[in-house]
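Novice: Sequence first, predicted model second:
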Amino acid sequence: METQIAIPLQRARAGAAATARGPLGLRPWLLVCRALGVSSVAPPPERVVESSSAVGPTPLAVNAAAALLVAAGAASANLAGYEWAPALFYGAVALLLAPIATVLTLPSVKRSDRIAMVLIATIGLYLLRVIRGPIVFLGHDEYLHWVTADHIIERGRLFDVNVLFPVGPSFPGLEIATAQVAQMSGLSVFAASAIVLAAARLLFVGCLYLIYERIAGSARVASLGCLFYMGCSTFVFFDTNFSYESLALPLLTLALLIEAVARDLPFKRAVPYVLLFALAALALAMTHHITAFALAAILAAFVAVQIVVGGVRSVSLQLAATALIGAVVPIVWSRAMGNPGEAYLGPVFENGFGEVMRVLHFGSSGRKLFTADDGAVAPLWQQSLLIGSVLLTSLALAFGFFRTLSLARLFERLGAAAGMRAALARANPRLIALTMLAIAYPLSIVFRLTRSGWEIGNRIGAFSYLGVAIVLAALAAGVLQGTSPSRLRAAAIGAVATLLVLAGIISSEGPRILVPARYQVSADAASIEPMGIETARWTEAWLGPQRHFVADRINSLLLSGFGRQLVATTLQQGYDAGVVLVAKTFGQNERSLLEKLGIDYLLADLRLTTGLPVVGSYFDGGAADAMLSAPPLPAALLKFNAEAGVSRVFDNGYEVIYDVRAISGRR
Amino acid sequence: MAGAKTLEAALLALAAIAATAWASGGGAIVRTVAVAPLVLFLPGALLVSLVAPRRPFTFEFCVLALGASLAADIVVGLVLHGIGALNPTGWGFAATIMAAGALWRNRRSLASFARRGVTFASLLTRENGLRMAALAVVAALVTSSVALASYGARQHRPFAYTELWLQPFDGASPQRVLVGVRNQEEATVRYGLELLLNDRTLVRWPQFDLANGQQRVEDVPVQVALPPEGRLEARLYRLDEPNLVYRRAWLSAPAQGE
């Protein structure tokens, strides 16, 4: 594979010189390309040496493991309240990645060593997630999926209602795989999910490497592409959450890899691969709606570029078949499930696009950058690194975009061939399509500037980085390092790549990279602590499971996960029962709501009165949150003390559970 | 050829052992080690070897096998749901069939791979020894990292507190009640507890100690019927502040007319 683009430097230079000749001495478009960084129209010369690499993967594995120990020390130190711990944690990430990035940049590294190093980096970064949350789920969405997995295990069937996450059971791929491991091994859902997610992570990076290698024809570009992808804000933590994207993205890359393998075969031999593709597409459609449609869009882009560069007849049957399957399967699955994604995603996209338009017309100031909803501001070094990384990535994209197109042989052929049509026909349409995908990166940044569009931007990032990563890799391998054996230059490029990964983590987690010592109000990882968990477990032990509860955002998660209770949610019931808790008085409206929703118990968490919610809402962002411009009053949460017929069955000084069955008519 | 036959037999035996390990009720770690290839590799290996019969064991084969396994697991889960067998037995049958098929399908590749490959003599090289030692160091460091992080997380308790609860014994009428106290104050605490009916003391436990993590549950018969809007209340005191009610819980009778 490595020898495919191993063009001697002299030949590349001669080719460049030849293409430069013309009526004016230089072709005008070539001048533009050169100005944009396409210094040679040939693909990046790659010195392929099958001798031992300068540094093998073994010492890098030891280094990565040592870095993980430092990271674990930092995580524990942070829980003990040491303020320097997050910086040490980021330092450990740099220690883990920088040597690998440096070696991957060097030209004379064996393919097998590159693969080993990429996998070491992948496993190392995955273990950061384990170190960060080693005993319980920390992410909001993880609890939503845990409930679905629990239902599958307990009830032995799919598609049961999940009140926390009504759309979730329609896409149970991740939960099925986790339930299988849990049921066959006897592990908890938490431990089983760690195994499934580790496998998914390895699958994702393995597929990404092989796709890039097939498309770019270079092990170096492929390994650097994987490295740069790790700079995507979703890579290290968001897409390792127990959440459907974490398995969907690897399945998407699996489908793309199968398509890439099938592409090089005669159709008859490609048919079994098309069937394997259909299996992957079905599994993806069963796992996540948006990612399944993203696969369809990427394949459509492949077809479109193929048509542009080679005409309709150049589209192979296997590409047409995979594109068709990729489009039809998610539509059929969504229809079969009753199109649950429409109601769920519609408002998200509507609000997101609306706010982006307002920001673009200066009608809204968008999000306050680097500032959480509780007013906490990211440290200056993090702000600087983040801004620097966006600027650097944008700059690199501006230059690398054309460089990658030249790697796709587009410019080379345009320069050398007599006619544009013939030139285009020999271009690499998949690389061109992926390079075009990089254009979505600036779009994702714009979305991230807005409050309601942030989530869209975050998700776009995971797809746009498929293009961004290969563009950056082509730039690093082809222009910045080239064939130079200079370790200093490689170290500089490796350092930049490491900083981009750190910036991606900061962009995702910011100052909350580690679980803090101090409890914070409605802050997901910083709010999930043993007392709340024990209270949820108490409810299952003493009240029994499947009771109807009203609670705030965090306690709803804990009650559902650890207590196996049914919590009232606006998504499921259409009413925000949280208003009963935060209303200053307990009047007829509140009574009616309890009756209508058939509530058994209320959980009042007095810690909500101590601060603003870090994630922006105390409940699920509905009517109850609209009533609160300041923390709720303790008197409001405890107003049930004076109500006849309401029992106060549990009190730990911070949390109180009220039995309201006499009022709601449930007793 | 005899070696190949032996290997095939050994692999099939291994598959049988792996398949039965999960069913044997053994420890979770043993079962996990047995289950991992059954779930995450062998189903996909079967599919990939069916798609590409002559594909050797390469990095690409392994990646495709891992991915196809996950995809197959999901689709098999849907099928098991359809036939009402989405349970450990159903998973076990499906995984065993796919694993046996994968091993049988790849028996020749595996045999030639093994024949070409590894003997004890070839393992005992200096390079391999160093590599093994490095891997042992890596395993030790990674295990230590996760253990250190887990220890830190388990020790982290931002709140010290005491739970008090009161429950009807039968879950409905308060003729007998359970009153419970659990100490999570990170130290032994001396408590006093009383049970009152409409502010009149029914029972008192003037003094008892609970160590951190310890709980005490009392089953109390309540002979007096709870009047409408009456309240049966438990009050907990810490004896270092005996005049302050530390925790309160109560059961209320429904208001009249409810």
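Specialist: Now that the structure is in, tell me what you want to look at.
Novice: residues in contact with A:P634?
Specialist: When contacts are counted by CB atoms under 8 Å, 6 or more residues apart in numbering or on different chains, A:P634 is found next to A:L606, A:T609. Quick note: C-beta positions are derived from backbone N, CA and C, even for glycine.
Novice: how much space between it and chain B?
Specialist: Taking CB to the nearest CB, to the nearest Å as the measure, A:P634 falls 15 Å from chain B.
Novice: Find the closest residue to chain B in the stretch 551-667 of chain A.
Specialist: Of the stretch 551-667 of chain A, the residue with the smallest distance to chain B, taken as CB to the nearest CB, is A:A644 at 3.7 Å.
Novice: Please verify my assumption that that residue contacts B:S252.
Specialist: Yes. The pair A:A644 / B:S252 is scored as a contact, 6.4 Å apart, by CB atoms under 8 Å.
Novice: Once you drop chain neighbours, what's closest to whatever residue of the stretch 51-200 of chain B ends up closest to chain A?
Specialist: Taking CB to the nearest CB as the measure, the point where the stretch 51-200 of chain B comes nearest chain A is B:G152, at 2.9 Å. Leaving aside its sequence neighbours, B:G152 sits nearest to A:S76 (CB to CB, 6 or more residues apart in numbering or on different chains; 2.9 Å).
Novice: got a list of what residue 205 touches?
Specialist: Using chain A here. Counting by CB under 8 Å, 6+ apart, A:V205 makes contact with A:V118, A:L119, A:T122, A:C226, A:Y229.
Novice: try again with chain B
Specialist: Contacts for B:W205 (CB under 8 Å, 6+ apart) come out as B:Y191, B:G192, B:L193, B:E194, B:E218.
Novice: A strand includes the first one, no?
Specialist: This means B:Y191. Yes. With DSSP: H, G, I helix; E, B strand; the rest coil as the criterion, B:Y191 is located in a strand.
Novice: Tell me the bridge partners for it.
Specialist: Assessed by DSSP bridges, B:Y191 has beta-bridge partners B:F208, B:R238.
Novice: And it, how far from B:N106?
Specialist: The span separating B:Y191 from B:N106 equals 66 Å under the rule CB to CB, to the nearest Å.
Novice: State the mean pLDDT of stretch A:562-572.
Specialist: Mean pLDDT, stretch A:562-572: 92.
Novice: Equivalent analysis for stretch B:141-148, please.
Specialist: Stretch B:141-148 shows a mean pLDDT of 94 in the predicted model.
Novice: Could you do stretch A:298-313 as well?
Specialist: 90.
Novice: Could you pull out the buried residues of that stretch?
Specialist: Using 16 or more other CB atoms under 10 Å in any protein chain shown as the burial criterion, the residues of stretch A:298-313 that qualify are A:I298, A:L299, A:A301, A:F302, A:V303, A:V305, A:Q306, A:V309, A:G310.
Novice: Name the nearest residue to the fourth one, sequence neighbours excluded.
Specialist: In this case it means A:F302. According to CB to CB, 6+ apart, the nearest residue to A:F302 is A:A433 (5.2 Å).
Novice: residues touching the most centrally placed residue in chain B, list them.
Specialist: For chain B, B:A28 is the residue whose C-alpha lies nearest the centre (CA atoms, centre = their mean; 9.0 Å). By CB under 8 Å, 6+ apart, the contact set of B:A28 is A:S185, A:G186, A:L187, A:A191.
Novice: what's around the second one, how many residues?
Specialist: Burial measure for A:G186: 20 neighbouring residues, criterion other CB atoms under 10 Å in any protein chain shown.
Novice: The third one too?
Specialist: As a burial measure, A:L187 scores 20 neighbours (other CB under 10 Å).
Novice: Return the residues in contact with the residue of the stretch 51-200 of chain B closest to chain A.
Specialist: Counted by CB under 8 Å, 6+ apart, B:G152 has contacts A:A72, A:A75, A:S76, A:A77, A:L79, A:A80.
Novice: quick one: which of those residues sit in strands?
Specialist: Counting by DSSP state E, the contacts of B:G152 place none of their members in strands.
Novice: Just the buried residues of these.
Specialist: Buried members of those, scored by 16+ other CB under 10 Å, are A:A72, A:A75, A:S76, A:A77, A:L79.
Novice: Can you lay out these as CSV showing distance to B:A160?
Specialist: Formatted as CSV, these follow (distance: CB to CB, whole Å):
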residue, distance to B:A160
A:A72, 26
A:A75, 22
A:S76, 20
A:A77, 21
A:L79, 16
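Novice: Could you export these as CSV, including pLDDT?
Specialist: Supplementary listing: those in CSV, determined by pLDDT from 0 to 100:
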residue, pLDDT
A:A72, 97
A:A75, 96
A:S76, 95
A:A77, 95
A:L79, 93
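Novice: Generate a PyMOL selection restricted to the buried subset of the contacts of B:W205.
Specialist: Only the buried members of these end up in this PyMOL selection, burial being decided by 16+ other CB under 10 Å:
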select buried, chain B and resi 191+192+193+194
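Novice: so A:A477 touches A:A219, yeah?
Specialist: No. Taking contact to mean CB under 8 Å, the distance of 9.9 Å between A:A477 and A:A219 leaves them out of contact.
Novice: Please say which of these two ends up with more neighbours.
Specialist: When neighbours are counted by other CB under 10 Å, A:A477 comes out ahead of the other of A:A477 and A:A219, with 30 against 26.
Novice: quick revisit: show the model's pLDDT score for the residue of the stretch 551-667 of chain A closest to chain B.
Specialist: Residue-level confidence at A:A644 comes out at 87, pLDDT.
Novice: If you rank the contacts of A:V205 by neighbours, which is first?
Specialist: A:C226 (29 neighbours).
Novice: Next up, the contacts around it.
Specialist: When contacts are taken as CB under 8 Å, 6+ apart, A:C226 is in contact with A:V118, A:A121, A:T122, A:V205, A:L208, A:Y209, A:Y212, A:A469.
Novice: rerun that using 6 Å as the cut-off
Specialist: In this structure, A:C226 makes contact with A:V118, A:V205, A:L208, A:Y209, judged by CB atoms under 6 Å, 6 or more residues apart in numbering or on different chains.
Novice: That one belongs to a strand, doesn't it?
Specialist: No. Assessed by three-state DSSP, A:C226 does not belong to a strand; its assignment is helix.
Novice: With adjacent residues omitted, what lies nearest to it?
Specialist: For A:C226, ignoring the flanking residues on the chain, the nearest one in space by CB to CB, 6+ apart is A:V118 at 4.7 Å.
Novice: wouldn't that neighbour be in contact with A:S223 here?
Specialist: Yes. The pair formed by A:V118 and A:S223 meets the contact definition of CB atoms under 6 Å, at 5.2 Å.
Novice: Can you tell me how far B:R200 is from B:P206?
Specialist: In this structure, B:R200 and B:P206 are separated by 17 Å, where distance is defined by CB to CB.
Novice: Perfect, I'm done here.
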